[in-house]
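>>> Below: sequence and its predicted model.
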Amino acid sequence: MKRKKGRKLLAMVMAIAIVALTGCSGGDIASTKPQPIEEPAKNEIPTFNVGWSSELHTGNMHLNFLKPELFESNSVHLKPISDSQLELVKDGSVIAYVNYMYSKGAAESATLMSQGHMDIAYCSSTAMLTAYDSGVDVSILCPIQSGGVSVVAAADAPYTTFEELVQYAKKSDKPIVGGYHSAVSSPRIVLEYALKDAGLTVTEDAADYSADVLLMDLKGISNLIPSLSSGQVELWAGPVPNPQNAEAQNIGKIIATLNELPEGKWVDFPCCTMNVRNEIKDKYPEAVQAMVQVTSDVADYAQNNRKETAELMAEFIGLEKEVLMKNDTTYQTEITEHFTNGMATYHEAMSKIGKFSGRLKDKPVNEVMDAVFDFTFIEELSK
């Protein structure tokens, strides 16, 4: 009798064990084994972390949140599903999800991309050149705007033009203190190169009293206006609408737009671009192509509907429409000779002032263009 009970008990234990093992075969046990990296399934819907800032170079992408009906009749468009997430829709089907990430500036975007935390960034092209140089596998896909950068001085500064600034700095017995919102931003590169091109010595060493200009990192667009009002710096170069806002508050004055800098080499100069981690474009080309289409549609709207764009963007940026209407930015995504020449000028400027120390150091511009730029997606739109 005891033997029969023992056999029954053993059978029950074995049955329970078999069921348990069957139920766990795809769970904890399987998860202890390393999983091979697989190509995405055809029906996989990726999620992209995408960054832009609250200004008028990259911030127009927020129109997809502010008034999605502007683009909803397009075969490819973004549809908001929360205050920070959108669906990327193509021909009625969701092909990707987009998580919006606010970016304080290009340096932060480049860092996040290097860590794999940001997949697509709208930011200064110079930041992506620097990122690639330091080993981050990224590509610049297309421009999103040009112009829209000004050099601003404190309202009470004893000069009103860039040329007067140069003469004042040469005669000053101590360095003029200037700033930039992002260490690898286009405005920073333009300011430093223009100052050096005018014969001034520029340093970031606060102990170097022999320099004409001391530049410091203000660590974010939001610090541009406070840095002037507090007297932390005497001048900076920044993107629209910050210069216009400085004037509106009587805190600063624009002493030069890009078009007014010496030698005319910065006229309507390209600045910000759409940029992607190479892993993302290689793995999800259809979704990246759709994002390029969306980007182009936003640029077209912003360029051709400037008053409406200013009205929509006013609350997001936190400024009056009248300030935003002073926008001197050109929005477009085509690969023009003006754009490629501008990128070549950036390469020249960054090389001369020693911004490359890795993969792009001493590289000719044609090799840089081949390595960092991928125009296949934007060119697909014109086919």
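Structure received. Numbering: from 1, shown residues only.
>>> which of the residues in the strand ranked longest in the chain are buried?
For the chain, the longest strand by residue count, based on DSSP state E, is strand 93-102. Residues of strand 93-102 classed as buried: 95-98, 100-101 (neighbour count, 16 or more other C-beta atoms under 10 Å). C-beta here means a position set from N, CA and C on the backbone, and glycine is covered the same way.
>>> who touches that strand?
With contacts defined as C-beta atoms under 8 Å, 6 or more residues apart in numbering, strand 93-102 is touched by 45-54, 62, 65, 78, 84-89, 112, 117-118, 284, 286-287, 290-291.
>>> Apply the buried test to these and list what passes.
Judged by 16+ other C-beta under 10 Å, buried ones among the contacts of strand 93-102: 46, 48-54, 62, 65, 78, 86-89, 112, 118, 284, 287, 290-291.
>>> Please list the members of the residues you listed that lie in helices.
Among the buried ones among the contacts of strand 93-102, the members falling in helices (DSSP state H) are 65, 112, 287, 290-291.
>>> could you pull out the helices for the stretch 101-250 of the chain?
With helices called from DSSP state H, counting those that start in this stretch, the stretch 101-250 of the chain shows them at 106-114, 125-133, 162-171, 186-197, 224-229, 242-248.
>>> end-to-end on stretch 262-273?
One end of stretch 262-273 to the other measures 25 Å (C-alpha to C-alpha, to the nearest Å).
>>> just stretch 107-122 next, same as before
Start and end residues of stretch 107-122 are separated by 12 Å (C-alpha to C-alpha).
>>> Need the contact partners of that stretch.
48-53, 57-58, 61, 101, 103, 106, 123, 127-128, 130-131, 134-136, 138, 144, 182-185, 272-277, 280, 288, 291, 295.
>>> Any chance of a PyMOL selection covering the buried ones in those?
This is the PyMOL syntax for the buried subset of the contacts of stretch 107-122, where burial follows 16+ other C-beta under 10 Å:
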select buried, resi 48+49+50+51+52+53+57+58+61+101+103+106+123+127+128+130+131+136+138+144+182+183+184+185+272+273+274+275+276+277+280+288+291+295
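>>> still on that earlier bit, ok, so of the buried residues of strand 93-102, who is nearest Thr201?
Relative to Thr201, the closest of the buried residues of strand 93-102 is Met101; by C-beta to C-beta it sits at 38.0 Å.
>>> What pLDDT is listed against the residue nearest to the closest one when sequence neighbours are not counted?
Nearest non-adjacent residue to Met101, counting by C-beta to C-beta, 6 or more residues apart in numbering: Gly51, 4.3 Å away. pLDDT, Gly51: 99.
>>> cool, and Thr161?
Confidence at Thr161, expressed as pLDDT, is 98.
>>> And the closest residue to it other than its chain neighbours, how close does it get to Gln332?
Using C-beta to C-beta, 6+ apart and skipping residues adjacent in sequence, the residue nearest Thr161 is Ile255, 5.5 Å away. Separation of Ile255 from Gln332 (C-beta to C-beta, to the nearest Å) stands at 27 Å.
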